[in-house]
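J.: need a structure here:
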Amino acid sequence: MNITQKILQKHLMEGTLSAGKEIGIKIDQTLTQDATGTMAYLQFEAMGLKKVQTELSVSYVDHNMLQTSFENPDDHQYLQSVAQKYGILFSKPGNGICHQVHLERFGKPGKTLLGSDSHTPTDGGIGALAIGAGGLDVAVAMGGGPFFLNTPKVVGVK
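T.: Numbers count the residues shown, from 1 in each chain. Below is the predicted model of the structure:
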C-alpha cells in the first residue's frame, strides 16, 4: 500500500477500497474561510450539535477583507461567535492565507483535511490527504459524518 491507500484505509467509515467505488472517510481537520465559511457554519448549526466532532476545525478570515459596507464585518463577527460556541479555532484577519497557514501550523502527515477553499490540497505536500469541497460537505464532516468520494486510482511514480 502507498501513503494514499494507507490514509484512506485508516479513515474508512463506509465502503471498500477499490478504484472507482464510492467510500466514506472520516475527516480529522476542516478549514473554512470567510467567503465560504458562513454558509458552512449555518448548515452546521442546523444539525443541532453542541461541538464540532473533528480533531481540529479552523475558521480563517482572509478573503473578504474590505469593510466598505456592513456585510463583511457582520460575517466576520458571526464566524468569530460560531467558532467560540462550537470549539472552532478562529484565525483573525491579517494572520495569513488559510491554506498556507494551515499547512504550516496544523498540517500533519497521515491526517485528512477537508476545506471549503480550492487550495486546500496544498496540505497534500506533507503527506496528508487534503481535499477541497463545498460548504455542506465540510459541515457534515464537522458533525462527524463521512465525506464521500470515489476511491481514486492511485498511480505510483518511480
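
J.: My guess is residue 30 contacts residue 140. True?
T.: No: at 10.0 Å, residue 30 and residue 140 do not qualify as touching, with contact defined as C-beta atoms under 8 Å. For glycine as for every other residue, the C-beta is placed from the backbone atoms N, C-alpha and C.

J.: who's more crowded, the two?
T.: A count of neighbours by other C-beta atoms under 10 Å puts residue 30 above the other of residue 30 and residue 140, at 31 against 23.

J.: For my notes, confirm that one occurs in a helix.
T.: No: counting by DSSP: H, G, I helix; E, B strand; the rest coil, residue 30 is not part of a helix but strand.

J.: can you give me the strands for this protein?
T.: 12-14, 22-25, 29-33, 56-60, 89-91, 112-115, 129-132, 147-150 (DSSP state E).

J.: Report the inter-axis angle for the longest helix seen in the chain versus strand 29-33.
T.: Assignment by DSSP state H gives helix 71-86 as the longest helix of the chain. Put simply, helix 71-86 runs at 160 degrees to strand 29-33, going by axes from the mean of the first three to the mean of the last three C-alpha atoms, to 10 degrees.

J.: ok, so what distance separates residue 3 from residue 36?
T.: Residue 3 sits 28 Å away from residue 36, going by C-beta to C-beta, to the nearest Å.

J.: Actually, residue 42.
T.: 11 Å.

J.: any chance of the strands of the chain in JSON lines, plus distance to residue 80 and mean pLDDT?
T.: Formatted as JSON lines, the strands of the chain follow (distance: least, C-beta to C-beta, whole Å; pLDDT from 0 to 100):
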{"stretch": "strand 12-14", "distance to residue 80": "31", "mean pLDDT": "99"}
{"stretch": "strand 22-25", "distance to residue 80": "29", "mean pLDDT": "99"}
{"stretch": "strand 29-33", "distance to residue 80": "12", "mean pLDDT": "95"}
{"stretch": "strand 56-60", "distance to residue 80": "8", "mean pLDDT": "96"}
{"stretch": "strand 89-91", "distance to residue 80": "5", "mean pLDDT": "95"}
{"stretch": "strand 112-115", "distance to residue 80": "19", "mean pLDDT": "98"}
{"stretch": "strand 129-132", "distance to residue 80": "23", "mean pLDDT": "97"}
{"stretch": "strand 147-150", "distance to residue 80": "26", "mean pLDDT": "98"}
